[in-house]
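J.: Sequence and predicted structure, then a few things I'm wondering about:
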Amino acid sequence: MEQLLGQFSLGLFILQTILFIGLVLLLKKFAWKPILDAVNDREEGIKNALLSAENARKEMQNLQADNQRILQEARLERDTMLKEAREIKEKMIADSKTEAQAQGLKMIEQAKAAIEGEKNAAMAELKAQVSNLSISIAEKLLKDELSNKETQTKLVEKMLGDVKLN
């Protein structure tokens with residue numbers, strides 16, 4: 001029985017490993033690429049905004065007051081965009097991790113339920129076989145015991161004596 005459980009645990013481990021690898025591949029294909037694309041697009045937008053700010057500063061070098069104002073606005077915008085990009089990236093990563101963990105736990109619970117069901121079915125089948133075997137043995141013993149008339153009479157007398165005693 002222990003050897004059977006050892007093989008079953010190994011099979012379960014292999015199944016869970018395959019499911020986990022599949023989950024990681026699915027996340028890589030469907031979740032990581034959009035996240036990275038969004039971050040790269042955002043970074044490219046930020047770079048473009050920085051280049052525009054730099055070009056504007058060069059063009060407005062004659063007007064120092066306007067130049068300071070434009071640079072300050074560009075820096076604030078860049079910082080805000082970077083902060084927003086970081087927050088979005090962190091939120092997306094956290095959401096993906098949470099969802100992956102939830103799905104992993106759900107898969108583990110389903111596997112546990114399936115294992116419990118299989119175990120219960122095996123136990124029921126084992127009980128049925130044991131009861132059939134016990135009935136068969138009892139039937140053979142009774143046939144042998146009751147095969148001759150003298151043994152039957154002794155058995156009936158013994159049972160009647162037991163009934164009167166009770």
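T.: Done, it's in. Residues are numbered from 1 along each chain as shown.
J.: Beyond the lengthiest helix in the chain, next helix or strand please.
T.: What stands out as the longest helix in the chain, according to DSSP state H, is helix 64-145. Beyond helix 64-145 on the C-terminal side, the first helix or strand identified by DSSP states H and E is helix 149-165.
J.: Now find how far off-centre that next one is within its chain.
T.: Here helix 149-165 is found 64 Å from its chain centre; the criterion is C-alpha atoms, centre = their mean, to the nearest Å.
J.: got the CA positions of it in PDB?
T.: Extracted as PDB, the C-alpha positions of helix 149-165 are listed here (Å, rounded to 0.1, in the frame of the first residue of the first chain):
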ATOM      1  CA  LYS A 149     -27.800 -34.500   9.500                       C
ATOM      2  CA  GLU A 150     -26.100 -35.000  12.900                       C
ATOM      3  CA  THR A 151     -24.100 -31.700  12.700                       C
ATOM      4  CA  GLN A 152     -27.300 -29.800  11.800                       C
ATOM      5  CA  THR A 153     -29.100 -31.200  14.800                       C
ATOM      6  CA  LYS A 154     -26.300 -30.300  17.200                       C
ATOM      7  CA  LEU A 155     -26.100 -26.700  15.700                       C
ATOM      8  CA  VAL A 156     -29.900 -26.300  16.100                       C
ATOM      9  CA  GLU A 157     -29.800 -27.600  19.700                       C
ATOM     10  CA  LYS A 158     -26.900 -25.300  20.500                       C
ATOM     11  CA  MET A 159     -28.700 -22.300  19.100                       C
ATOM     12  CA  LEU A 160     -31.900 -23.100  21.000                       C
ATOM     13  CA  GLY A 161     -29.800 -23.500  24.200                       C
ATOM     14  CA  ASP A 162     -28.200 -20.000  23.600                       C
ATOM     15  CA  VAL A 163     -31.700 -18.500  23.000                       C
ATOM     16  CA  LYS A 164     -33.000 -19.900  26.300                       C
ATOM     17  CA  LEU A 165     -30.000 -18.700  28.200                       C
END
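J.: between the longest helix of the chain and helix 149-165, how many degrees?
T.: In terms of direction (axes from the mean of the first three to the mean of the last three C-alpha atoms, to 10 degrees), helix 64-145 departs from helix 149-165 by 120 degrees.
J.: ok, Gln72 to Ala53 distance?
T.: 10 Å (C-beta to C-beta, to the nearest Å). Using the backbone N, CA and C atoms, a C-beta is placed for each residue, glycine as well.
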